[in-house]
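Trainee: Kindly return the folded structure for what I paste below:
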Amino acid sequence: MPGEGTFVQVQAGARSGIPGSLRAGILSGCLLFVAFTLAALFLPQSYQLAALSDLLQVGLVAAITLLSFKNFLHSRSRTRVFWFLIFTGSLLWTISNSIWAIYELWLAKPVPDVAIVDILLFVKVVPLTAAIAIAPDRQSAHFRAFGLLDVFVLMIFSLYLFAFGVFAYRLLPGAAGSYDFYFNLADAIGNQILLIAAGIAVLRSRGYWRALYRLAFFCAAVYGIGSNLSNVAIDTGRYYTGSIYDVPLVASLIGFVWLALAGRIVGQGQPEPQPAAPSDASSPATFLSEHLAMLVALSTPVIGIWLLSNPSSPPQLRSFRVTITLITIFLLTLLLAIKLDILAAGLFQSLRGLSETYSRIERFKTHLTQSEKLASLGKLVAFVANQIKSCMIVVLEASSRLTSRPDAEPRIRNMAAKIAHYAQRTDVLVDNMRQFAQEMPLRLAPLPVKPILENALHLSRVAKLPQVRVDLTEYGHCPQVYGDSSQLLHVFLQLISNAVDALDESGGGTLDITIHPSGSQLLVEFADSGPGLKEPQRVFEPFYTTKPVGKGTGLGLSTCYGIIQQHNGVISGHNRAEGGTVFSILLPVAAETTAEKSPEAGGVFLEGAR
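Mentor: Model (predicted):
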């Protein structure tokens with residue numbers, strides 16, 4: 001079963017290479033523990049024994065710090081935060097043990113009484129407990145800074161409580177006994193909280209993480225026992241460095257080294273924890289940390305008010321407590337302001353993302369509705385177009401026979417010619433209908449867009465309109481697209497024709513056609529200075545037209561829409577703020593293009609009169 005032994009999961013993955021180093025670490029740790037235990041039992045109190053104990057403890061805590069930092073670098077998400085907090089706690093532990101060793105070995109002060117050592121030993125429990133409380137075995141979708149800010153809030157409040165309830169007695173003459181008592185009490189409470197957090201983590205986890213939590217629970221239990229025994233021995237004068245009281249401390253440090261070594265498997269062969277369900281975004285651990293931070297922020301001013309309203313304590317003690325309370329309120333307010341700023345920025349980003357998502361959904365609904373209309377209408381149009389084309393073929397053949405008869409009267413020949421002319425116009429309309437129905441297959445190939453646009457301009461009637469100016473510009477290196485040249489020519493002719501008609505009706509103007517790359521697509525824009533679109537949202541609807549009867553069928557832009565959709569592209573149209581209309585076409589770039597680089601701004605200029 002998963003988690004059946006502390007190292008079962010670790011040993012099961014011996015093929016990855018990391019478990020081999022872990023086994024070496026376990027063997028080395030056992031040898032160190034046995035050697036130190038023998039030294040503590042049989043060697044008398046001496047400088048050499050103190051040096052052995054101090055250097056061993058500093059080395060073990062430094063190893064925990066280094067290994068947890070490496071794990072932090074090679075992990076992600078909540079696991080990364082977990083190892084960062086372990087690194088923070090072990091770093092504080094390393095500093096406190098190093099200061100103790102310097103005082104005892106270098107300055108020759110046996111069992112030194114240094115306030116900073118007591119503070120660091122007490123505060124180190126906060127990040128170690130927070131590391132377990134953030135539930136790294138339940139991965140979140142993205143990193144959140146709120147958890148770390150809450151940890152900092154709790155660290156500051158823990159430091160405040162230590163200074164308020166423990167360190168303050170160092171300022172009072174003759175209060176050493178009270179200081180020792182309250183320090184032992186605070187240290188025991190902190191160790192018990194770490195032990196309870198590890199125990200809860202063991203019960204609620206499974207698999208690989210349960211094995212790690214069991215090891216953390218063992219380390220916390222042994223350390224708590226050793227710390228309490230050492231504190232009592234120091235108060236009773238029976239403690240010396242390297243004594244039997246240091247054996248549980250060394251055992252717990254060796255266990256933490258094993259924990260850091262086992263944690264390296266997360267990034268090297270061991271799968272990461274499974275992502276949490278969406279409902280886990282507000283997990284109990286996150287909920288608890290946030291509300292603890294809120295409770296801390298509210299309780300600190302309450303403590304300050306109680307201090308001001310209770311003048312019974314000694315003035316020196318009261319003044320110190322009021323000062324640190326004001327400093328703590330300032331620091332907590334600063335952290336909460338940072339948290340609020342991050343929250344506001346996150347909410348703004350989320351709202352902007354929701355707005356963009358809603359806009360994309362609306363555009364998708366519009367395109368889906370348009371596609372459904374085109375699909376249903378296309379079947380009908382294709383059937384009608386084929387029937388009409390068959391009839392027009394018969395009409396054209398009959399009119400051709402009439403006009404070719406030498407004995408036909410002129411009046412009959414003229415009538416037959418008119419019939420043939422209108423039949424040809426009908427045949428052209430039928431071809432447009434077939435294009436709209438996508439009855440004509442595409443012949444796709446890599447091709448440059450600029451030559452097709454130049455051909456469309458030369459085939460259009462823009463040269464006959466002196467009041468209309470057209471500017472075709474290609475920016476940068478524009479790759480080829482994968483498309484059908486005749487179909488794209490039809491689309492470009494239709495857009496140019498619509499723009500020219502609008503400019504001609506308004507007395508002239510300019511049409512700017514630009515080509516430039518846009519990521520993995522090519523963007524072609526037709527921007528005119530005409531009167532604009534009356535209903536931009538309806539321009540691609542079948543049979544929608546603003547032209548007079550007999551001049552427009554309402555299938556031109558609908559056909560263009562279908563052709564661009566066949567090319568896996570996007571076409572859109574809207575009015576410009578400065579006036580006029582812009583039609584944009586996005587076409588996917590061909591996978592391999594042989595197009596040559598164009599000048600930064602090469603252009604073709606067409607005017608009505610030349």
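
Trainee: so when I look at Pro173, I'm seeing a helix, right?
Mentor: No: Pro173 is assigned coil when assessed by DSSP: H, G, I helix; E, B strand; the rest coil, not a helix.

Trainee: State the number of residues packed around it.
Mentor: Neighbour count for Pro173, taken as other CB atoms under 10 Å: 6. Just so you know, the C-beta spots here come from the backbone N, C-alpha and C atoms, and that holds for glycine as well.

Trainee: quick one: pLDDT of it?
Mentor: pLDDT recorded at Pro173 is 78.

Trainee: got a list of what it touches?
Mentor: Neighbour list for Pro173: empty [criterion: CB atoms under 8 Å, 6 or more residues apart in numbering].

Trainee: do you know how far it is from Phe181?
Mentor: 17 Å (CB to CB, to the nearest Å).

Trainee: Equivalent analysis for Ala50, please.
Mentor: Taken as CB to CB, the span from Ala50 to Phe181 is 26 Å.

Trainee: Which one of these two is surrounded by more residues?
Mentor: Ala50 (21 against 15).

Trainee: Need the nearest residue in space to the more buried one, chain neighbours excluded.
Mentor: Thr241 (4.1 Å; CB to CB, 6 or more residues apart in numbering).

Trainee: Which helix or strand contains that neighbour?
Mentor: Following DSSP states H and E, there is no helix or strand that holds Thr241.

Trainee: Equivalent analysis for Ser572, please.
Mentor: strand 570-575.

Trainee: residues of that strand that come out buried?
Mentor: 570-573 (16 or more other CB atoms under 10 Å).

Trainee: orientation of the helix or strand following it relative to strand 570-575 in degrees?
Mentor: Downstream of strand 570-575, the next assigned helix or strand under DSSP H and E is strand 581-588. For strand 581-588 against strand 570-575, the angle by axes from the mean of the first three to the mean of the last three CA atoms, to 10 degrees is 160 degrees.

Trainee: Check which helices and strands strand 581-588 sits against.
Mentor: The helices and strands touching strand 581-588, judged by 3 or more CB pairs under 8 Å, 6 or more residues apart in numbering; DSSP states H and E, are strand 481-483, helix 485-505, strand 521-528, strand 570-575.

Trainee: among these, which is nearest Leu22?
Mentor: Of all the helices and strands packed on strand 581-588, strand 521-528 sits nearest to Leu22, with 51.0 Å by CB to CB.

Trainee: Tell me which strands the closest one pairs with, and in which orientation.
Mentor: Next to strand 521-528 in the sheet, as set by DSSP bridges, lie strand 509-518 (antiparallel), strand 581-588 (antiparallel).

Trainee: returning to that earlier point: run a quick neighbour tally on the residue nearest to Ala50.
Mentor: So Thr241, with other CB under 10 Å, has 24 neighbours.

Trainee: how about it, what does it touch?
Mentor: 49-50, 53-54, 104, 110-111.

Trainee: Show the buried residues in these.
Mentor: Buried, going by 16+ other CB under 10 Å: 49-50, 53-54, 104, out of those.

Trainee: Which residue, neighbours along the chain excluded, lies closest to Asp118?
Mentor: Excluding the flanking residues, the one nearest Asp118 by CB to CB, 6+ apart is Phe183, at 5.9 Å.

Trainee: tell me the SS of that neighbour?
Mentor: Assignment for Phe183 (three-state DSSP): helix.

Trainee: And for it, the neighbour number?
Mentor: Counted with other CB under 10 Å, Phe183 comes out at 24.

Trainee: Ok, Ile244 next?
Mentor: Neighbour number of Ile244 under other CB under 10 Å is 13.

Trainee: For it, list the residues it contacts.
Mentor: With CB under 8 Å, 6+ apart, Ile244 has these contacts: 40-41.

Trainee: if we can go back for a sec, in helices only, show me the buried ones among the contacts of Thr241.
Mentor: Within the buried ones among the contacts of Thr241, residues falling in helices by DSSP state H are 49-50, 53-54.

Trainee: and of those residues, the nearest to Ala251?
Mentor: Ser53 (12.8 Å).

Trainee: gap between the closest residue to Asn575 other than its chain neighbours and Leu465?
Mentor: The shortest distance from Asn575 to any non-neighbouring residue, by CB to CB, 6+ apart, is to Gly532 (4.2 Å). Gly532 is 19 Å from Leu465, where distance means CB to CB.

Trainee: which one of those two has more residues nearby?
Mentor: Neighbour count, other CB under 10 Å: between Gly532 and Leu465, Leu465 has more, with 19 against 16.

Trainee: For that one, give me its contacts.
Mentor: Contacts of Leu465 (CB under 8 Å, 6+ apart): 500, 503-504, 508, 608.

Trainee: Most neighbours among these, which one?
Mentor: Going by other CB under 10 Å, Leu503 tops those with 24 neighbours.

Trainee: hang on, that one packs against Val462?
Mentor: No: counting by CB atoms under 8 Å, Val462 is not a contact partner of Leu503; they are 9.0 Å apart.

Trainee: Overlap of the contact sets of these two?
Mentor: Going by CB under 8 Å, 6+ apart, residues that sit against Leu503 and also against Val462 are 468, 511.

Trainee: quick one: low-confidence ranges for the stretch 351-500 of the chain?
Mentor: 363-364, 367-368, 370-383, 385, 408, 428-429, 431-442 (pLDDT under 70).

Trainee: rerun that using 80 as the cut-off
Mentor: 359-360, 362-414, 416-418, 420-443, 461-464 (pLDDT under 80).

Trainee: Go through this protein and flag its longest helix.
Mentor: helix 315-404.

Trainee: Tell me who's in contact with Leu253.
Mentor: 57, 60-61, 64, 223.

Trainee: Could you give the separation of whichever strand or helix holds it from the chain centroid?
Mentor: Secondary-structure assignment from DSSP H and E places Leu253 in helix 246-263. When C-alpha coordinates are averaged (CA atoms, centre = their mean, to the nearest Å), helix 246-263 and its chain have centres 36 Å apart.

Trainee: repeat for stretch 340-352
Mentor: 14 Å.

Trainee: Check stretch 339-353 too.
Mentor: With CA atoms, centre = their mean as the basis, the mean position of stretch 339-353 lies at 14 Å from the chain mean.

Trainee: Then stretch 394-410?
Mentor: The answer for stretch 394-410 is 74 Å, by CA atoms, centre = their mean.

Trainee: repeat for stretch 199-214
Mentor: Counting by CA atoms, centre = their mean, stretch 199-214 is centred 28 Å from the centre of its parent chain.

Trainee: Check stretch 527-536 too.
Mentor: 39 Å.

Trainee: buried sites along it?
Mentor: 527-530, 532-533.
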